[in-house]
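[1] 3D, please:
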Amino acid sequence: IDDTLDIDSVVSDLIEAVDNFNSRGSGWTLSQITRVVVCMTVNQPLHGSSYIPSPPFIANKKCCVNVQNKKDNRCFEWAILSCLYPVEINTERPSNYASHLKELKFDGIDFPVRVNQIPKFEKLNPALAITVLYLDSEDNEIIPLYVCPLRDRKRIHLLLIEDGKGQLHYIWVKNMSALVAHRTNHHAA
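    Numbering: from 1, shown residues only. Model prediction:
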């Protein structure tokens, strides 16, 4: 194993990644890098699976719907259905959305759905635009993983949460303002 680190290559890759992100229509601008952390691990593509409880930080905000799909690995589908067909009570029950299971197209998409498969899902379901955010449980930071650049579609915000053992799960963000409210320095009197 070659253990040398080519800093110029790393910087070039970072600039390319930022340009790629901005080209998808984020509208964000990178103004400075305040910290760089290098973690080395075996690559496991990010994807949701079966139900895990929402972290208290998220559950207390009451801003997300976490469907309890304990018998399958289709949390991506359940999260989208909970957005498209919202209910007032027992939002976590799959039975509230089961009658709509055949309405979305998943041809050629494997379950659990990996983040890199979402553009294919959007092509199959042209009325939908997906945004996937990831909750970094160490510091409760919300990190964008995927943002559909298309603006003329119904936007669905999903949050990918982790149970601490490597299992991931998609939930629907029904109130984005409440989800990111912790990022402001304003505190009402």
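
[2] phi, psi for residue 146 please.
    Main-chain torsions, residue 146, degrees, to the nearest 10: phi -150, psi 130.

[3] for the nearest residue to residue 124 once chain neighbours are set aside, the count of nearby residues, please.
    Leaving aside its sequence neighbours, residue 124 sits nearest to residue 105 (Cβ to Cβ, 6 or more residues apart in numbering; 3.9 Å). Heads up, the C-betas are built off the backbone N, CA and C, glycines and all. Residue 105: 13 surrounding residues under other Cβ atoms under 10 Å.

[4] my read is that residue 105 contacts residue 125, right?
    Yes: under the criterion of Cβ atoms under 8 Å, residue 105 makes contact with residue 125 at 5.6 Å.

[5] which neighbours do the two share?
    With contacts defined as Cβ atoms under 8 Å, 6 or more residues apart in numbering, no residue is shared by residue 105 and residue 125.

[6] measure the residue nearest to residue 124 to residue 85 for me?
    Applying Cβ to Cβ, to the nearest Å, the value for residue 105 to residue 85 is 16 Å.

[7] the protein: helices as residue ranges?
    Per DSSP state H, the chain carries helices over the ranges 7-23, 56-59, 75-84, 118-124, 176-180.

[8] residue 169: which of these is closest?
    For the helices of the chain, proximity to residue 169 was assessed by Cβ to Cβ; helix 75-84 is nearest, at 5.0 Å.

[9] ok, and what's touching the closest one?
    48-51, 65, 67, 69, 91, 94, 96-97, 100-101, 103-104, 106, 111-113, 121, 128, 130, 154, 156, 158, 169-172, 174.
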